[in-house]
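1. Predicted model and sequence follow; I will ask about them next.
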Amino acid sequence: MATLRAILKHPDDLYPLLKLKLAARSIEKQIPPQPHWGFCYTMLHKVSRSFALVIQQLGTELRDAVCIFYLVLRALDTVEDDTSIATEIKVPILNAFHRHIYDKEWHFSCGTKDYKVLMDEFHHVSTAFLELGKGYQEAIEDITQRMGAGMAKFICKEVETVDDYDEYCHYVAGLVGLGLSKLFHASGKEVLQPDSLSNSMGLFLQKTNIIRDYLEDINEIPKSRMFWPREIWSKYVDKLEDLKYEENSVKAVQCLNDMVTNALVHMDDCVKYMSDLRDPAIFRFCAIPQIMAIGTLALCYNNVEVFRGVVKMRRGLTAKIINGTKTMADVYGAFYDLSCMLKSKVDKSDPNATKTLSRLEAIQKTCRESGSLTKRKSYILESKKQYNLFLTVVLIVVLAIIFARLTATNSTN
């Protein structure tokens, strides 16, 4: 019912949603027949449906490497996320995880639901990993080792300063950006991107997730997970969990806007990274999540619902982004539109308004100077013309059905 209401409100979502649904069904039919690869791709669809959609457009060799890279890091993340595991058990596993991926017998039971299945049957992932090319294996091992060590460090360390926050996000996501750049390079399809740009690609996505997932993380059982840096939230409340209480709504939203403004600093690096990509499939693989990230930030900004429930992009807009992102011109257009959306929500009385506007205006300037904005058709902003056309078509179809039924009734009589 909620989906139907959304389509009635945004009728031009219908076609991209249908296209996305067909693509998802097509992917499910392409599961490899080998048991270990079948497990890996089936699990990929279960633990990240949106990622599974964008990964499928990559060439087979690179797609396999990225699939395994994702599952290895997802498994590592499952160990880190499980707050029921004692620190003295968790830390050695995180530090040794890069060696476990070479062991077909290794597994460790933790996590819940599909993540528990992934951990219990991790031998399938190891078996597939050992079939990858040497360059892919070395890149995955290197990033897994560095990420595991970083996660272990922050098991015993709070995120106090903004520098701590950037360091944590580097370990859990910036390294993913570095690893993907290495895999792209190993495939022979891309030059190796600078670490600083690769890192920003990961940080922009991770900071978006940390902002959006505040309530889920703070309510984690048996122990809260706290990733917002004290240096930011302590300006507004005494304890991080105080942000979720209604009496602190004004301060909570100001803190939220501060966090969003912090994330916006990575936009220019992300655009630079994407503009240097050469392979169309790799470009789409990278661009779609970045556009969804700035879209999510636009929804979260100045929105107290972040502290009340789940704030996420509607499925129709997600489908539009997946369907409509094909060239760098699409990226410039989407970043421009979404930064305009976010800019319209900035209250001049917000403590960080000047900094927020400065960062938004900087990315808008980059988008304008690309020369792409005048040649594009926006798929982000709603089109009244498209809406009216849709209603006209629906009206014609309804009238045709009524006419057909009347004709059939008359002929029967």
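-> That came through, no problem.
2. which non-adjacent residue is nearest the residue nearest in space to the middle of the chain?
-> Within the chain, one residue has its C-alpha closest to the average C-alpha position: by CA atoms, centre = their mean, that is residue 289, at 4.9 Å. Of all residues not flanking residue 289 in the chain, residue 205 sits nearest, at 5.9 Å (CB to CB, 6 or more residues apart in numbering). (C-beta placed from N, C-alpha, C; glycine too.)
3. which residues sit in contact with the closest residue to residue 326 other than its chain neighbours?
-> With sequence-adjacent residues excluded and distances taken as CB to CB, 6+ apart, residue 326 is closest to residue 284, at 6.8 Å. By CB atoms under 8 Å, 6 or more residues apart in numbering, the contact list for residue 284 reads 54, 57, 325, 326.
4. Make sure the second one is actually in contact with residue 281.
-> Yes. With contact defined as CB atoms under 8 Å, residue 57 and residue 281 form a contacting pair (4.7 Å).
5. least confident pick among the contacts of residue 284?
-> Scanning those for pLDDT, the smallest score is found at residue 57, 82.
6. helix, strand or coil for it?
-> Per DSSP: H, G, I helix; E, B strand; the rest coil, the local secondary structure of residue 57 is coil.
7. follow-up on the earlier one: out of the contacts of residue 284, who has the most neighbours?
-> When neighbours are counted as other CB atoms under 10 Å, the busiest of the contacts of residue 284 turns out to be residue 325, with 23 neighbours.
8. about what we covered before: for the residue nearest to residue 289, which residues are in contact?
-> Contact criterion CB under 8 Å, 6+ apart gives 173, 289, 290, 293 as the residues in contact with residue 205.
9. what's the answer for residue 267, then?
-> With contact set as CB under 8 Å, 6+ apart, residue 267 has these partners: 204, 294, 335, 339, 359, 362, 363.
10. one more time with 6 Å
-> Neighbouring residues of residue 267 by CB atoms under 6 Å, 6 or more residues apart in numbering: residue 363.
11. ok, then the element right after whichever strand or helix holds residue 252?
-> Using DSSP states H and E, residue 252 sits within helix 249-264. Once helix 249-264 ends, the next helix or strand along the chain (criterion: DSSP H and E) is helix 267-275.
12. could you dump that following helix to PDB, C-alpha only?
-> As requested, C-alpha coordinates have been extracted for helix 267-275 and formatted as PDB (Å, rounded to 0.1, in the frame of the first residue of the first chain):
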ATOM      1  CA  MET A 267      32.000  15.900  -2.500                       C
ATOM      2  CA  ASP A 268      34.600  17.600  -4.700                       C
ATOM      3  CA  ASP A 269      37.100  14.700  -4.300                       C
ATOM      4  CA  CYS A 270      34.300  12.300  -5.200                       C
ATOM      5  CA  VAL A 271      33.400  14.200  -8.300                       C
ATOM      6  CA  LYS A 272      37.100  14.400  -9.300                       C
ATOM      7  CA  TYR A 273      37.500  10.600  -8.800                       C
ATOM      8  CA  MET A 274      34.500   9.800 -11.000                       C
ATOM      9  CA  SER A 275      35.400  12.200 -13.700                       C
END
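13. List the buried residues in it.
-> In terms of neighbour count (16 or more other CB atoms under 10 Å), helix 267-275 has its buried residues at 267, 268, 269, 270, 271, 272, 273, 274.
14. and the first one, how far is that from residue 69?
-> Counting by CB to CB, to the nearest Å, the separation of residue 267 from residue 69 is 25 Å.
15. low pLDDT regions in the stretch 251-400 of the chain?
-> Where the stretch 251-400 of the chain drops to pLDDT under 70, the residues are 375-400.
16. so where do the strands sit in it?
-> Listed in chain order, the strands found in the stretch 251-400 of the chain under DSSP state E, counting those that start in this stretch amount to none.
17. Show me where it has its helices.
-> Ranges of helices in the stretch 251-400 of the chain, per DSSP state H, counting those that start in this stretch, are 267-275, 280-300, 315-324, 328-343, 353-369, 384-412.
18. Nearest to residue 122 among these would be which one?
-> Each of those has some distance to residue 122 by CB to CB; the shortest is helix 280-300, at 24.7 Å.
19. Could you figure out how far the closest one is turned away from helix 267-275?
-> In terms of direction (axes from the mean of the first three to the mean of the last three CA atoms, to 10 degrees), helix 280-300 departs from helix 267-275 by 160 degrees.
20. Which residues in helix 280-300 does the neighbour count mark as buried?
-> Of the residues in helix 280-300, those buried under the neighbour-count criterion (16+ other CB under 10 Å) are 281-300.
21. same question, stretch 184-199
-> Buried residues in stretch 184-199, defined by neighbour count with 16+ other CB under 10 Å: 184, 186, 187, 189, 190, 193, 197, 198, 199.
22. Where helices are concerned, which of the residues you listed count?
-> 184, 186, 197, 198, 199 (DSSP state H).
23. low-confidence ranges in the stretch 1-150 of the chain?
-> Residue ranges of the stretch 1-150 of the chain with pLDDT under 70: 1-11, 13, 15-16, 20, 23-24, 26-30.
24. Kindly list the main-chain dihedrals of the residue nearest to residue 203 when sequence neighbours are not counted?
-> The spatial neighbour of residue 203 that comes closest, neighbours along the chain excluded (CB to CB, 6+ apart), is residue 169 at 4.8 Å. The phi and psi torsions at residue 169 (degrees, to the nearest 10) take the values phi -60, psi -30.
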